[in-house]
Structures are given as C-alpha cells and as structure tokens.
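> how would this look folded up:
(4 chains)
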Number of protein chains: 4
Amino acid sequence: MGSRMASHLAKNNVKLTVYNRTKTDTEAFNNKSVLVADSLKDAVKDADIVFSMLSTPEAVEEVFFGKEKTLKAMKKNAIWVDCSTVNPSFSIKAFQEAKLHNIRFLDAPVAGSKPQAQNAELAFFVGGEKEILAEVEPYLNMMGKKVLAIGETGKGASFKMLVNIMLAQSMLIFSEAVLLGDKMGISKDFLLDILPNLVVSAPFTKFKAETIKNDNYDVQFPLEWMYKDLHLATLTAYEKNQPLYLANLTKELYAEANKNGMGRLDFSAIFKYLEKTE
Amino acid sequence: MGSRMASHLAKNNVKLTVYNRTKTDTEAFNNKSVLVADSLKDAVKDADIVFSMLSTPEAVEEVFFGKEKTLKAMKKNAIWVDCSTVNPSFSIKAFQEAKLHNIRFLDAPVAGSKPQAQNAELAFFVGGEKEILAEVEPYLNMMGKKVLAIGETGKGASFKMLVNIMLAQSMLIFSEAVLLGDKMGISKDFLLDILPNLVVSAPFTKFKAETIKNDNYDVQFPLEWMYKDLHLATLTAYEKNQPLYLANLTKELYAEANKNGMGRLDFSAIFKYLEKTE
Amino acid sequence: MGSRMASHLAKNNVKLTVYNRTKTDTEAFNNKSVLVADSLKDAVKDADIVFSMLSTPEAVEEVFFGKEKTLKAMKKNAIWVDCSTVNPSFSIKAFQEAKLHNIRFLDAPVAGSKPQAQNAELAFFVGGEKEILAEVEPYLNMMGKKVLAIGETGKGASFKMLVNIMLAQSMLIFSEAVLLGDKMGISKDFLLDILPNLVVSAPFTKFKAETIKNDNYDVQFPLEWMYKDLHLATLTAYEKNQPLYLANLTKELYAEANKNGMGRLDFSAIFKYLEKTE
Amino acid sequence: MGSRMASHLAKNNVKLTVYNRTKTDTEAFNNKSVLVADSLKDAVKDADIVFSMLSTPEAVEEVFFGKEKTLKAMKKNAIWVDCSTVNPSFSIKAFQEAKLHNIRFLDAPVAGSKPQAQNAELAFFVGGEKEILAEVEPYLNMMGKKVLAIGETGKGASFKMLVNIMLAQSMLIFSEAVLLGDKMGISKDFLLDILPNLVVSAPFTKFKAETIKNDNYDVQFPLEWMYKDLHLATLTAYEKNQPLYLANLTKELYAEANKNGMGRLDFSAIFKYLEKTE
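Alright, predicted model coming up:
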C-alpha cells in the first residue's frame, strides 16, 4: 500500500523521502527524484509531514514511540498522518504521545486496498484539527479521490472501523445468498453476475463476484485482518455498551475460516469457506 | 402496488380491465379508457393475460384456486402472471393448478415498492417458459425498467426471496453501524449522509437514511412482511439443508421488533427498534 | 425404542400384540406370551389401547390416517397413545382424525432414548384428557419412571419440543466450553470429567462426556432428528411471534454438522463437528 | 462475599485479621476473636496467608501492586490467594508481580455466590503449585465444600471463565424455553417447577426458577458482571483463535439487558428482559 501511495506523491513532484523495512519495496523509487532513506530517523528528520502506513497498532507503536522512537527524531511542529487501520483508543494514545514531542497528529485511515491505492482512488477518513487537515489535504488528494473530515482525533479510526465491519458483513450476506440461490437451482454464475448490481447489494461485491467466479482469492485485504477488525469493533461496542448482534456472529464465522487456514487469503474467501463445508 | 402498476398499462393504451376488493383503489380508473370490473370473474373472463399482485400465498390461493376459483373463469390458454411475493414451492403449486385449467403461468415477483411502482422502475424476476415470457414482456417493460428471466417455474420466487433477505440484512447492518458510530461520537446525521454512498453499503439505504433522518417510518414494505419473508427463506434453507447464519439471526431481531408493535411500520423501523432499546 | 418399551409391558404380563414393519425387531417376542401381528390391522383390531412409536409426523400420518388407515381398523372408543415426537399442531390434527373415528387420543412423547427405554426409565409428557390418562397411566408406569400431565391435546408434544431444544443447546454450550478450555491449556479429559458434574451443566452431559472421551458417536438420538426438532421449534416460535435467538443459531450449527455428513451419528457429534474444523 | 467467607475461618478458630474498605462490613467481627485492621498494611503485615476477594481485575491491581502496594507490605514467602474472578492473563500478571516481592501466589476463584458463601458451599478452582495449595487447602475446605486443582497459575481463572459462560448461557436457554412454553399455552409456573428438574437443565436453574416465580431479581451475581465475564471469555477465545458462537450471541443479549438498566439486578434478570420486550 505505502509504495503505491508514495508513487502518486512522486508523480506530483512532491519532495519526498521514503522508508520501508523491506528494502525491495522502495527500490523502484531509486530512479525517480525520491530519496530512499536508510533508517527511520533519516526518513523523518527533515520532514514537515510524515505519512505512516503500517499493519497493526502494535507496529505503529513500535515505530513511533516504542522501540524505535521515531517521534523523537521528528522536527518540532511537524505533522504525523497515520494512515494505518487501528482502533480509536489507540489513535488517541498516538495523538497524546505525539503531543509530548510537540508533533501534530491526524488519524487518516483509508478505504480501499491495493488497486485503489494504485489508481489514486483511496478515500481518507480523517480525525484531528481542521487546520492541520488543511495543510495535509493537498497531498491526500494526490493519493486518493475523497477526503472526509470525520471529527476530532480518533474519529477517522472510528469511522474506518464502521466501514470495515460493513465490508465483512456485506461480503457474508452476499455469500450466503449466492449459496442458497445455488441450492435452489439458480446458476451460481447468474447469481454472481446479477446480484451485485441490485440495490440490495453493496457495490464492492461486483469486484469480489468476478474473483469468486475465477476461484481467485489472492489477497487484497487479508481475512485474518478482517477478523482482527471485527474483534476490535466488538471491543469498542463493549466499551460503549452497545449491542452489535450481526458483527459478533460475523466475527465467529471469520474465526472459523481463519482457523481453517484461510487467514492469508483475501477476506472474500469467507465465500469459499461457506461453500466448502460439505 | 397494483393500481400503480395498472396505471402504466393504461398510459400505454393497453386494453385493460382492473379489479380490487377495495373499490376505492380502482376508482381513479373510471376516468380513463379502463374497465373496472365488479367481480373477479368479470375481470378475467376475456383476458389474454391476467396480472395478480396480492399480499400472501394464502391470498393468491384463495383468489385463484381456493374459494374464488378465478382460474376456472379464465379463457383456455390465457396467461396468469403472478407478481405477488410467495415462496418457491407455492409458485410451483400455482403453476400445477393453472395447468389443470389449461392456463399458462409465470411467477414474476418484483423488486421495488410503491415509489418504484409509481415511476415504472420495478424489476421483474421471472420464472417460467421463455415463450410465455416473450408474450408478456412488452407489458412488464411498461410497468418496470428491468425484466430478468431467472429460470423455470418457481425461480422468480426463489430469486425474489434472496433479494428480500439481502434487503432485510443490509438494513440491519447499516442500522447497527450508524448506532455504533453514534456511540463513538460521530454525528448520526453525518453517518446517515455519508455511509449509504460508500461501496460497502447497499444503495437502497440512501433512501432509507433520508426517512430515518426524519423519523419517518411510513410503510413502503411492512416490517411484518419482511419478518415473514425471512421466515420463508429459513424454511427453504432447511429444505435444502443449507446453513443460513445471518438471515436466521436477522429474523429473530425482526421478530423482536414485530413483537414490540412495529410490524405495520416500514421494515426500516428495525433501526428505530434498535435505537429505542434504552 | 418400541420393542424395548413393549418388553416391559410383556414382563408385567399385559395382554399384548406387537407389530413392526421390520419383522426382525419383533422376533424376540415369539418366545413370550405376546402376539406378533402380521399386519397393522391385526395388531390393533381388538386393542383397548394402541401405543405408537414412529420416527416422524409423516410416518404417523401414513400409518394411522393416510395410506394405511389404521384408525379405521380400531375398536370404537379405544385409546390411541402416540409416543412419537411430533410438532404440536400435528398432534392436534391426529386428535381430530381420531375423533372422526370415535377413537380417544393422547399425545405422549417421551424423554429418553434407547438406554432409558431398556431400563424403564423414560419420562412421558402427556397431552389430553385426564380421564383417558387415568386409564393409560398404569401402562406408562411400567415403561417409564415419570408421567407428567402437561395439559390438553398437543401440550405433550409442546413440552417435548422444549425439552429437545434444551438438549440440543446444552450439548452445544458444553461442547464450546470444553473446546475453549482445551485451547486455554486445561486437559480435555479433565474438562469432560469435571464440567458435567457442576451445577452449570445439564446432567445428561455426564453420559455424553463419557462417549465423547471414547470418540464414540453411536446413535442414541440422531443428529439429523435433532436438527429437525430445532427446525420445528423455530416454526412454532414464528407462529407464536416469539423470538428464539439461541435455538435459531444452534439450528444452523446442527445444519452445518448435518451437511458435513454427521446426520446419522448421535447428536453429541456436534462436539466432533466443532472440534474437527481445523 | 468476603465477610461470609471469613466468618467460616473465624468459626474454626483460625487466627484471623480482616479488612474491608467499607468498615460496616467488618463490624460484625468485633465481637469475635478476630482482629479488624485499620489499614491494608496492618491487615497483611504478619499474615502467612492473605485471601483477597475483589470485584474486578482493576481493583485487585490497585490494592496489591498499583496505588496501594499491599504486596510490598507482606512477609517474604507469604502466600497470596486471590479468590476474585479475573481473566487468565491477569492472574499470570499477578503471579509475576507477587514473585518480584518473593510472595507465593494462587489463583482460586470460586463457584457460588452469597448463599453458597454463607453456607460454606463454595467450590474453589485453583491454579498454581501443588505445594502451595497443600498449605492453603485446609482453609479453603473451611470456606467451601470442594477444592479443584486445575493446573498451573492462571488455570483457576481459566476454568472459572468456562463455568461463568456456561452459567450465562444456561440461564438464557432456560429463559427462552420457559417463554416459548408459555406462548404455547403451558403455564409458566408449571414450566418453572418442572423444567429445572429434568436432565436437560443445569441444576442451578432450580434456585433461579424460584426467584423468577416471585419476580425477585435481588442481586446474587450482578448482570453487568456476567456481561463483563462473557466479554472476557470472547477476548480469550479471540486470543486462542477459537470460534465461540453461542457465548458471543449470549453476550449481546446481556448487553441489551444491561443497556436497558438491568445491570445491577441479578443476572437471572435476562429472563425479565426477554419477557418484557412487548
């Protein structure tokens, strides 16, 4: 994701330094007017804005205020924009850690996976001060097609959480409908062609229906991360004392698929899991 | 529904006879070149094609081959197009009864409720022979914008069942997401504006979000019928030995809303039910 | 079941005629003072009381007032005691059919499976008139250890339905607890020994825990019938407009086990199903 | 709970010092040969064994190694027996903190609530070294009737978690059965009398059925704590990658009851919640 996002900044001639633990992912940038840093410290020390895209809250903590202390290496008053998907209370913690180092913070998780990143079609859900967002927005617009200011710090992460559980559940509803339809004697291909285009189906199922037809579950967004996001949402629902019936049941079905070795496939493999149980 | 559908046939100068048990619903037709029949028998006796739109399988049975025996009054080789939402095995029964009277049959339930009927934007899901559909299709196109030939008799009803349970479940997922978002401190109006336009939301939620904002649950499709359709789907899933996790849980939540007196409101009142439990 | 029950009547020197479609099951009676009838008609024509124990409502219907018309062969004012597990509305139908032939009726389904039948430890849940029960009760006491008068016709079947869904659900709760405990590092054998003896566990799990320890799922009560009973209960709940959350979810998990080929094993194989999914 | 447990030690002439934040709970001990300490430090400084019974992991942490640092005040090599209900990973943390102060540790949560504590009928589920348990067991036997050595540190807490989720789920299954039975026309009092005595029902429901009959939901074990325990169990299930279908759905129903203001009633009020929704 990160390299795809960075490439759009490069195309727009933004002065840019990139860093990734795995060097191969940043090699492509050597031929462009982009600096490839050798260390986290080098990557951030002169930056006005630092974008991070990491896989878990634990990874973000390790890099910015755990073992690696990247926050300490940043310029005072610089802006840290965390695009990782984390839970809202973690974003608030990151904001507080940033403040201790006089760093300004935005949580800006994205909707979309690799293809959307490739095509600059991400949507950014932003939490934090409007003034900070105003400085960052031009760059977000280079990497995505929509920037939504959701509210104060943590609200970007909150909104992303809603979007992801809807994704998980819509995928499951769609899968159960196709499989029941098949049992009722309607051809699976017909169902995969027609259902996603009806107003009762989430539009993203159009793309998933195509890959399902080809029995292709190459990962766009891994099932094990979807399971984690469902888990984080049910934690938040507990903290807020809000029942969340369908997301909890959905979580258990992803748990079962994960336990059956599908965690590293795309989350649409929930279809494959439900289909195969016979 | 029926009167709205008939009005489009009238506009297209189709030679038309209408009948409704409640006379007030057909009064509007007196000013047009439309015959308003005094009895079921009069309504159908000269018709080449008879369209029916009734609320339950029981009502269809009563009118066509139960107490009323309308099938007997129809011309030999006429076509009966049943647009009511029924379960697939009932459609097959209706087809067999029709055959006994030399009447040809199509099951053609619709997607869409009153506004779509008003604007000729219904979609028809048709089960039955292609040759029969060819004779009927011009009229379906006057009343709707899409005609899908799903397969043999009963497949129209089968497909409609899938569409309705997706409707019920998508409405519930959306409601739970809005309510959790609200608890996380994101404004409910913001959520109702933004979520329906994302690719993770079924597009029909755009319209429901508007009515929810106005606390308007005037019935388009009654919650108690949605509960019934979920029930019929779980019956079918049992007959087919197909697990259907989310639809079963969804059914119980509509059951609860129905038990709480919301059965005659629009099915989007599942939002109101979940919201009010505090 | 039936032969085990009849053997207790024989032991008590009750004048008895037995009949089973499969002759081998009644051969054992040839050496006793028991008549083995060649036909249904011969079995019932002189009886004051007829006990039936069949597998499904459909089988009961076929034998008594469908193809076989056994009711017609019975003496006027005789008593028919149906011990089969059926849904309440079927019992009422059976009662009405019996009435047409001047036959008195009790629904008297049992708690317990083969071992309880063998040891005269069944419990009878009886629906119907108290006067009729008074005539029948001595014989029920020979075959079981408890006779519960639940109410009018159909109430025996209603009560049995409750007992069976509690059985299905308690088995599932127990299974999930053992499997989670195992994952937490507590030995499975320890859990199977200790949990069933605590006040939080349904006592029948003691016996199931023993068979589970031996990976023995020989059928006492088949999983596919448990699935059917859960289905009948959710039908009844729908008719009564009563939400039934856990039984519906439990039904889907038995559906999954059934779909995975475990229908003819004992219903405790739900443990095996949940255990094996990895 | 704590005062009831301590009273049994006092009756057995154990040399005893008691402490409670709320002084009124320990007043009764002034007339006995029991020391009532003025501070935590005074309570523990000379003790060979310290028993704690607190409401949450947070409270245990605060008292023993947070704000209050009670561990520091204890004698080297003394034993701390924590009877509170906490999650397994917290017990391991408590064990490690104790070790830093050369304090030996057992997790020993109990089955049973106030009446069982009153009558010395608790069951203790113990995690930790066998040698330590040998020193403590005589005192546990004064306060309870059963001591189960489950395994190493944390296993007592793990086992308690299983027991509590079975309690929550059995209560719910029982409630749904009674309410469906009532809708089917079987008297609620009959159901409350008979069902708990069948082998399909967890025996503790006998006591709950009595209080339900009197519409008495005085707290033995608060519903909001049961909700918390269900939550902790689903956390653990997530950590162990183990699906837990029924406990998750059960959690949401307790969430709904809690949201409806029943958190401080006994957890059997889940019956009242399900009953009232109409």
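
> Run through the stretch 101-250 of chain A and note the low-pLDDT ranges.
Within the stretch 101-250 of chain A, not a single segment meets pLDDT under 70.

> And the helices in it?
Under the criterion DSSP state H, counting those that start in this stretch, the stretch 101-250 of chain A contains helices at A:114-118, A:130-143, A:155-183, A:188-194, A:205-213, A:223-239, A:245-257.

> Serialize the ones you listed to CSV and add fields for distance to residue D:67 and mean neighbour count.
C-betas here are computed from N, CA, C, even on glycine. Formatted as CSV, these follow (distance: least, C-beta to C-beta, whole Å; neighbours: other C-beta atoms under 10 Å in any protein chain shown):
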stretch, distance to residue D:67, mean neighbour count
helix A:114-118, 47, 16
helix A:130-143, 37, 16
helix A:155-183, 31, 25
helix A:188-194, 60, 17
helix A:205-213, 52, 19
helix A:223-239, 23, 23
helix A:245-257, 35, 25
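
> among these, which is nearest chain C?
When these are compared for distance to chain C using C-beta to the nearest C-beta, the nearest one is helix A:245-257, at 6.0 Å.

> Which strands border the longest strand seen in chain A, and is each parallel or antiparallel?
For chain A, the strand that runs over the most residues, judged by DSSP state E, is strand A:144-151. Strand pairing for strand A:144-151, determined by DSSP bridges: strand A:122-127 (parallel).

> So what's the gap between the strand it pairs with and the chain middle?
10 Å (C-alpha atoms, centre = their mean, to the nearest Å).

> and what of stretch A:242-253?
The answer for stretch A:242-253 is 20 Å, by C-alpha atoms, centre = their mean.

> count of neighbours near the residue of the stretch 51-200 of chain A found nearest chain D?
Across the stretch 51-200 of chain A, no residue is closer to chain D than residue A:87, which sits at 13.3 Å (C-beta to the nearest C-beta). Per other C-beta atoms under 10 Å in any protein chain shown, the neighbour tally for residue A:87 reads 22.

> Repeat that for residue A:80.
There are 27 residues near residue A:80, going by other C-beta under 10 Å.

> Report the beta-bridge partners for it.
Going by DSSP bridges, residue A:80 forms beta bridges with residue A:50, residue A:105.

> Let me see the contact set for it.
By C-beta atoms under 8 Å, 6 or more residues apart in numbering or on different chains, the contact set of residue A:80 is A:49, A:50, A:52, A:64, A:71, A:74, A:94, A:98, A:103, A:104, A:105, A:106.

> Can you lay out those as a markdown table showing neighbour count?
Shown next, in a markdown table, are the contacts of residue A:80 (neighbours: other C-beta atoms under 10 Å in any protein chain shown):
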| residue | neighbour count |
| --- | --- |
| A:49 | 17 |
| A:50 | 22 |
| A:52 | 19 |
| A:64 | 27 |
| A:71 | 22 |
| A:74 | 24 |
| A:94 | 27 |
| A:98 | 22 |
| A:103 | 24 |
| A:104 | 20 |
| A:105 | 24 |
| A:106 | 27 |
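
> OK, contacts around residue A:166?
Contacts of residue A:166 (C-beta under 8 Å, 6+ apart): A:202, B:173, B:174, B:177, B:195, B:198, B:200, B:201.

> run the last query once more with 10 Å
The contact partners of residue A:166, by C-beta atoms under 10 Å, 6 or more residues apart in numbering or on different chains, come to A:202, A:204, A:247, B:170, B:173-174, B:176-177, B:195, B:198-202.

> again with residue A:200
Here residue A:200 is in contact with A:173-174, A:177, B:111, B:162-171, B:202-205 (C-beta under 10 Å, 6+ apart).

> Chain neighbours aside, what residue packs nearest to residue A:106?
The spatial neighbour of residue A:106 that comes closest, neighbours along the chain excluded (C-beta to C-beta, 6 or more residues apart in numbering or on different chains), is residue A:128 at 3.9 Å.

> Near the one you found, how many other residues are there?
27.

> Tell me which of the helices of the stretch 101-250 of chain A sits nearest to residue C:28.
helix A:155-183 (43.3 Å; C-beta to C-beta).

> wait, what's in contact with residue A:135?
Counting by C-beta under 10 Å, 6+ apart, residue A:135 makes contact with A:48, A:49, A:79, A:81, A:104, A:106, A:129.

> Now with 7 Å, please.
residue A:79 (C-beta atoms under 7 Å, 6 or more residues apart in numbering or on different chains).

> Tell me the spacing between it and residue A:77.
11 Å (C-beta to C-beta, to the nearest Å).

> One more: residue A:27?
Counting by C-beta to C-beta, the gap from residue A:27 to residue A:77 is 32 Å.

> quick one on the thing from earlier: how about the residue of the stretch 51-200 of chain A closest to chain D, nearest residue that isn't a chain neighbour?
residue A:232 (4.4 Å).

> you'd agree the one you found is up against residue A:86?
No - judged on C-beta atoms under 7 Å, residue A:232 makes no contact with residue A:86 at a distance of 8.2 Å.

> got the residues of the stretch 1-150 of chain A near chain B?
A:88, A:111, A:148, A:150 (C-beta under 7 Å from any C-beta of the partner chain).

> so who does the last one touch?
By that I understand residue A:150. Shown in contact with residue A:150 (C-beta under 7 Å, 6+ apart): A:125, A:126, A:127, A:156, A:159, B:186.

> returning to what we had before: which one of residue A:27 and residue A:77 is surrounded by more residues?
A count of neighbours by other C-beta under 10 Å puts residue A:27 above the other of residue A:27 and residue A:77, at 12 against 9.

> Close to chain D: what parts of the stretch 1-150 of chain A are there?
Residues of the stretch 1-150 of chain A lying near chain D (C-beta under 7 Å from any C-beta): none found.

> residues in the stretch 151-278 of chain A within reach of chain B, list them.
Counting by C-beta under 7 Å from any C-beta, the stretch 151-278 of chain A sits next to chain B at A:151, A:155, A:158-159, A:162-163, A:165-167, A:169-170, A:172-173, A:176-177, A:179-181, A:183-186, A:194, A:198-204, A:236-237, A:240, A:242, A:244-247, A:249, A:253.

> Next up, the contacts around the nearest residue to residue A:25 once chain neighbours are set aside.
Once flanking residues are discounted, residue A:25 sits nearest to residue A:3: 5.1 Å by C-beta to C-beta, 6+ apart. When contacts are counted by C-beta under 7 Å, 6+ apart, residue A:3 touches A:25, A:26, A:28.

> Repeat the analysis, applying 10 Å as the threshold.
Per C-beta under 10 Å, 6+ apart, neighbours of residue A:3: A:10, A:18, A:20, A:24, A:25, A:26, A:27, A:28, A:29, A:53, A:117, A:118.
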